[in-house]
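> My questions are about this predicted structure, shown below with the sequence.
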Amino acid sequence: MTTSLITGATAGIGAAFARRLASDGHALILVARDEKRLDEYASELRRRYGVAVEVLAADLTDEAGIAAVEARLADRVDVLVNNAGFGNRGTFLDAPMADELAMLKLHCEAVLRLTGAAAGAMRERGRGFVINVASVAAFMPRGTYSASKSWVVRFTEGVAAELAGSGVRFMALCPGFVRTEFHERAGMNAGNVPDWAWLDADKVVAAALRDLARGKTVSVPDIRYKTAVTLARHLPSRVFSGVSTKAGRKYDPKN
């Protein structure tokens, strides 16, 4: 049976990945900080889909949390979804430095280490998939959040090239605004985001898995955000800098 490990698995895109992979018959390992919530969601998935679901409570901004998940990945895991992430409210100097450093540990160090732990074991077996959840913010200048998500995209592209032909495949998923708990948890006001800009988490996951099957290394779900990324790649960064800085005081894209 295929086994998938998902971080940030109890809400938003992570929960949507868990539902979809469970419906496809995958055994699951759910990782998040809240053990009670993990247990409740695991019970729901077992009852609904009849699959094995293991829970691992771990804080991936903490050394012990990262190490615990690394150790679990040394055992058989066929699919890794690095989804856990958060945003800080306001611009760079508005956020405490400790929060900025925690973001880098979660978005960069944890993704690096968990990808390494999973990919090493996958390469030995000659197969496996790693999906690293980034954001369309990766292509726009927006402080630490955008910088960390840009790193996720470049890192994923790099390891995909280095391990081409190994049987292990990598993809960076870059969604736009997704209706999740992300903004509420960060204390952000997303009320100014127009209705047309929001994406559904289940549809984002469906698009991601289609792109993975097609062999894409970077997935940007929805034509609206594909267009935005194309513009961001070809227009001067200052065009987006002013817009994203003003918008950042009120909302951030979902990771």
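It's in.
> Quick one, grab the pLDDT at Gly187.
Note for Gly187: predicted pLDDT of 47.
> What of Ala232?
Among the per-residue scores, Ala232 shows a pLDDT of 70.
> That one contacts Ala137, doesn't it?
No: at 9.7 Å, Ala232 does not count as touching Ala137 under the criterion of C-beta atoms under 8 Å. For the C-beta atoms, the positions are set from N, CA and C on the backbone; glycine is no exception.
> on contacts alone, who are the packing partners of the host helix or strand of Ala147?
Using DSSP states H and E, the element containing Ala147 is helix 143-162. Secondary structure elements in contact with helix 143-162, counted by 3 or more C-beta pairs under 8 Å, 6 or more residues apart in numbering; DSSP states H and E, are helix 97-104, helix 111-125, strand 128-133, strand 168-173, strand 218-219.
> Would you mark the buried spots in that helix?
For helix 143-162, a neighbour-count test (16 or more other C-beta atoms under 10 Å) marks 143-153, 155-156, 159-160 as buried.
> now, among those residues, which is nearest to Leu199?
Lys149 (16.0 Å; C-beta to C-beta).
> That closest one: what's it in contact with?
Residues touching Lys149, when contacts are defined by C-beta atoms under 8 Å, 6 or more residues apart in numbering, comprise 107, 134-135, 137-138, 174, 255.
> Can you give the distance of stretch 40-59 from its chain's centre?
Computed by C-alpha atoms, centre = their mean, to the nearest Å, the chain-centroid distance of stretch 40-59 equals 19 Å.
> what's the model's confidence in it, averaged?
In this model, stretch 40-59 has a mean pLDDT of 98.
> in it, what counts as buried?
Judged by neighbour count using 16+ other C-beta under 10 Å, the buried positions of stretch 40-59 are 41-42, 45, 49, 51, 53, 55-59.
> which residues touch stretch 211-222?
Outside of stretch 211-222, the residues within contact range by C-beta under 8 Å, 6+ apart are 129, 131, 136, 153, 156-157, 160, 169-176, 199, 203-204, 207-208, 226, 229.
> Let's see the helix holding Ala147 as PDB, backbone CA atoms only.
What follows is the C-alpha trace of helix 143-162 in PDB, where atoms were taken according to Å, rounded to 0.1, in the frame of the first residue of the first chain:
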ATOM      1  CA  GLY A 143       9.600  40.200   2.400                       C
ATOM      2  CA  THR A 144      10.500  37.000   4.200                       C
ATOM      3  CA  TYR A 145       7.400  35.100   3.300                       C
ATOM      4  CA  SER A 146       8.000  35.500  -0.500                       C
ATOM      5  CA  ALA A 147      11.700  35.000  -0.100                       C
ATOM      6  CA  SER A 148      11.200  31.700   1.700                       C
ATOM      7  CA  LYS A 149       8.700  30.500  -0.800                       C
ATOM      8  CA  SER A 150      11.000  31.500  -3.600                       C
ATOM      9  CA  TRP A 151      13.700  29.300  -2.000                       C
ATOM     10  CA  VAL A 152      11.200  26.400  -1.900                       C
ATOM     11  CA  VAL A 153      10.600  26.700  -5.700                       C
ATOM     12  CA  ARG A 154      14.300  27.000  -6.500                       C
ATOM     13  CA  PHE A 155      15.300  24.200  -4.200                       C
ATOM     14  CA  THR A 156      12.700  21.900  -5.600                       C
ATOM     15  CA  GLU A 157      13.700  22.700  -9.200                       C
ATOM     16  CA  GLY A 158      17.300  22.000  -8.200                       C
ATOM     17  CA  VAL A 159      16.800  18.600  -6.600                       C
ATOM     18  CA  ALA A 160      14.500  17.600  -9.400                       C
ATOM     19  CA  ALA A 161      17.300  18.200 -11.900                       C
ATOM     20  CA  GLU A 162      19.900  16.500  -9.700                       C
END
